[in-house]
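Q: model the structure of this input:
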Amino acid sequence: MNLRRIAKIAFSSLTSRPYPESPAQGSAPALADALPQGFLLGTATASHQVEGGNDNDWTDWERGAHPDGTPHIKDRTLSGAACDSWNRFDDDLACMKMLGANAYRMSVEWSRLEPSEGAWNEAAADRYLAWATRLREAGITPMVTLHHFTLPRWVATQGGWMSDRTIDLAAAFAGRVARRLGGAVDLWCTINEPNVLMTMGYLKGIWPPGMRDQRIAAGVLARLMKAHARMAGAVHENDKKDADGDGHATRIGIAHHVRIFQPASRSPVDKVVSGFMDALFNQALVDAHLHGRVQLTVPGAVDIDEAVPGLAGSYDYLGINYYGRDHVAADLGDPSLSRQFVPEDRPVSDLGWDIYPEGLYLVLKRYGSLGLPIYVTENGIADRSGMSRPAFLRAHFDALVRAAREGVPVRGYFHWSLLDNFEWAEGFEPRFGLFRVDDDSPDKKRIATPAVETFQEIARQLGLKPEAP
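A: Here you go, the predicted structure:
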């Protein structure tokens with residue numbers, strides 16, 4: 001056990017703040033002089049959540065239950081046809097044009113492209129390439145995520161992220177996708193939220209494969225960091241085509257979920273546990289890029305310190321997924337060593353998440369000193385009524401603008417999500433979409449929510465031109 005590193009984390013938790021102090025909020029500055037030319041304003045989706053018709057480790061998980069009989073998916077729904085985006089890309093593209101978006105973050109489904117080891121679905125690859133090409137023709141920059149939580153069944157049965165072999169398999173997959181789509185794609189995201197995948201699947205056991213083990217979880221996060229390095233190298237090696245003519249064939253990063261961990265009290269124990277959570281969940285992935293080492297510490301359970309070839313400097317940008325804040329109380333009986341909650345007097349989303357726009361400003365300021373371009377790769381709210389989303393969107397975008405005015409190199413914002421979709425263990429109940437999806441209509445009609453007008457207003461201020469429906 002590296003006692004020196006543990007002591008350093010504990011001491012910093014007691015004596016420093018991981019986020020800068022926030023100045024008083026004022027009126028939002030004009031977007032034209034606050035954001036850089038070429039700023040990307042878009043939406044985000046994930047293949048399993050919108051495409052429909054997938055067959056992977058998640059489709060298996062959806063049919064099962066926890067040992068106590070609780071279903072894996074809260075509303076007992078299956079992803080099934082989802083939004084049927086696999087067959088209705090024209091409808092999705094029309095929604096993007098209506099918004100005035102100039103960017104779209106999408107993912108490719110590994111199980112669809114490689115349904116069995118070594119096999120390759122050329123028709124599926126052709127369709128993804130056609131989507132990326134059509135986006136470019138419409139003036140919409142594609143950002144393609146290579147791994148967004150799901151694994152092919154054949155990878156999962158070989159151990160998934162508990163096996164070192166998955167690193168090799170993911171790198172080979174990334175290289176093949178880069179060769180196929182590189183002519184239309186320059187902006188790549190290797191892995192979506194490695195820390196969330198580790199937490200939900202291997203620490204809390206809420207997602208597949210349903211593990212609750214600190215050592216296994218830390219090993220998984222280490223493998224995901226190694227996989228990122230290998231995948232980034234494979235993309236650089238296989239995508240030599242500069243799709244937009246800016247002199248860069250590839251720009252590669254991750255989508256990193258960052259949360260504010262607020263100690264629940266002035267108790268030193270709450271502060272130390274909050275600091276450990278921040279170090280493991282928020283900082284470890286960034287430090288890996290800076291130092292080229294995987295360094296993960298959980299007192300009494302985990303001590304990983306390993307150099308990883310190709311990891312140092314492997315981010316061309318940092319993607320930030322931001323949804324809110326957790327108050328943290330120590331609970332040493334829990335695998336995470338803590339209990340996270342939201343005080344009763346706080347405004348919350350339909351999922352009970354703290355609505356804290358100031359946190360996005362604080363996160364951007366924290367990571368702005370890295371010298372990397374930053375994209376907000378996800379930000380959104382579960383809001384079934386649709387009435388809270390306009391204010392949520394405006395408040396968070398204002399926070400982004402404030403950070404940009406103070407020198408943070410923010411290069412884009414992707415709202416989660418374009419459509420209401422399958423929200424993993426929560427099923428279809430949470431509504432994150434700028435557009436509703438009418439499941440009762442034969443064409444799964446997309447219906448604009450009130451936040452569409454807010455998005456269009458931002459687009460116009462950036463000089464973009466929303467199209468009439």
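Q: what residues sit buried inside the helix or strand hosting residue 274?
A: Residue 274 is located in helix 268-277, with elements delineated by DSSP states H and E. Within helix 268-277, the residues that count as buried by 16 or more other CB atoms under 10 Å are 270, 271, 272, 273, 274, 275, 276, 277. Backbone N, C-alpha and C define where each C-beta goes, glycine included.
Q: against residue 75, how distant is the third one?
A: Summarising the geometry, the distance separating residue 272 from residue 75, computed by CB to CB, to the nearest Å, is 37 Å.
Q: go on, the first one?
A: In this structure, residue 270 lies at 34 Å from residue 75, with CB to CB as the measure.
Q: also the last one?
A: From residue 277 over to residue 75 the distance is 29 Å, taken as CB to CB.
Q: the fifth one now?
A: As for residue 274, its distance to residue 75 is 32 Å (criterion: CB to CB).
Q: lowest pLDDT pick from the buried residues of helix 268-277?
A: The weakest per-residue confidence within the buried residues of helix 268-277 falls on residue 276 (85).
Q: hang on, the earlier thing: tell me which helix or strand comes right after the helix holding residue 274.
A: Heading C-terminal from helix 268-277 (DSSP H and E), you reach helix 284-291.
Q: okay, the angle between the helix or strand just after that next one and helix 284-291?
A: Using DSSP H and E, the helix or strand that follows helix 284-291 towards the C-terminus is strand 293-298. Counting by axes from the mean of the first three to the mean of the last three CA atoms, to 10 degrees, strand 293-298 lies at 150 degrees to helix 284-291.
Q: show me how far the helix holding residue 274 is from its chain's centre.
A: In terms of CA atoms, centre = their mean, to the nearest Å, the centre of helix 268-277 is set 25 Å apart from its chain centre.
Q: now swap in stretch 301-312 and tell me
A: Taking CA atoms, centre = their mean, one finds stretch 301-312 lying 22 Å from the centre of the chain it belongs to.
Q: list the buried residues in it.
A: Neighbour-count burial for stretch 301-312 [16+ other CB under 10 Å]: 302, 303, 304, 308, 310, 311.
Q: just the mean pLDDT for that stretch, thanks.
A: 94.
Q: contacts for it next, please.
A: By CB atoms under 8 Å, 6 or more residues apart in numbering, the residues outside stretch 301-312 that reach it are 1-2, 5, 214-215, 218-219, 222, 225-226, 228-230, 232-233, 288-297.
Q: next: stretch 285-295.
A: By CB under 8 Å, 6+ apart, stretch 285-295 touches 5, 194-195, 221-222, 225-226, 254, 256, 284, 304-309, 311-315, 318, 367, 370.
Q: then stretch 393-409 to PDB, C-alphas only?
A: In PDB, the C-alpha atoms belonging to stretch 393-409 read as follows (Å, rounded to 0.1, in the frame of the first residue of the first chain):
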ATOM      1  CA  LEU A 393     -30.300  24.800 -20.700                       C
ATOM      2  CA  ARG A 394     -30.000  28.500 -20.500                       C
ATOM      3  CA  ALA A 395     -28.400  28.500 -17.000                       C
ATOM      4  CA  HIS A 396     -25.800  25.900 -17.900                       C
ATOM      5  CA  PHE A 397     -24.900  27.500 -21.100                       C
ATOM      6  CA  ASP A 398     -24.500  30.800 -19.300                       C
ATOM      7  CA  ALA A 399     -22.100  29.000 -16.900                       C
ATOM      8  CA  LEU A 400     -20.100  27.800 -19.900                       C
ATOM      9  CA  VAL A 401     -20.000  31.300 -21.400                       C
ATOM     10  CA  ARG A 402     -18.700  32.700 -18.100                       C
ATOM     11  CA  ALA A 403     -15.900  30.200 -18.000                       C
ATOM     12  CA  ALA A 404     -15.000  31.000 -21.600                       C
ATOM     13  CA  ARG A 405     -14.900  34.700 -20.900                       C
ATOM     14  CA  GLU A 406     -12.400  33.900 -18.200                       C
ATOM     15  CA  GLY A 407     -10.000  32.100 -20.500                       C
ATOM     16  CA  VAL A 408     -11.200  28.500 -20.400                       C
ATOM     17  CA  PRO A 409     -10.700  27.000 -23.900                       C
END
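Q: list the buried residues for it?
A: 393-404, 408-409.
Q: can you list contacts of it?
A: 25, 28-29, 31, 34-36, 322, 357-361, 364-365, 367-368, 371-374, 376, 379, 410, 413, 415, 451, 454-455, 458.
Q: tell me the buried residues in the helix or strand harbouring residue 61?
A: According to DSSP H and E, residue 61 maps onto helix 57-62. Neighbour counts over helix 57-62 (16+ other CB under 10 Å) mark 57, 58, 59, 61, 62 as buried.
Q: list the contacts of the fourth one.
A: In this case it means residue 61. Applying CB under 8 Å, 6+ apart, the residues contacting residue 61 are 72, 207, 208, 210.
Q: who wins on neighbours among these?
A: Within those, most neighbours by other CB atoms under 10 Å means residue 208, with 25 neighbours.
Q: ok, that one to residue 200 distance?
A: 9 Å.
Q: and for residue 385?
A: 27 Å.
Q: higher neighbour count, those two?
A: The neighbour count for residue 385 versus residue 200, taken as other CB under 10 Å, is higher for residue 200 (19 against 10).
Q: leaving out the residues flanking it, which one is nearest to that one?
A: In space, and not counting its chain neighbours, residue 200 is closest to residue 207: 4.2 Å by CB to CB, 6 or more residues apart in numbering.
Q: repeat that for residue 343.
A: Once flanking residues are discounted, residue 343 sits nearest to residue 327: 6.2 Å by CB to CB, 6+ apart.
Q: ok, now which ones touch that neighbour?
A: 262, 263, 264, 340, 341, 342, 343, 354.
Q: just checking, the second one touches residue 274?
A: In this case it means residue 263. Yes - Residue 263 is within contact range of residue 274, at 4.5 Å (criterion: CB atoms under 8 Å).
Q: pLDDT below threshold where in the stretch 1-150 of the chain?
A: The stretch 1-150 of the chain contains residues with pLDDT under 70 at 1-30, 32.
Q: give me that answer again for 50
A: Where the stretch 1-150 of the chain drops to pLDDT under 50, the residues are 1, 3, 6-7, 9-29.
Q: ranges for the strands of it?
A: Using DSSP state E, counting those that start in this stretch, the strands of the stretch 1-150 of the chain run over residues 40-44, 103-107, 141-147.
Q: just to revisit the earlier point, can I assume the residue nearest to residue 343 sits in a helix?
A: No - Residue 327: not assigned to a helix; according to DSSP: H, G, I helix; E, B strand; the rest coil it is strand.
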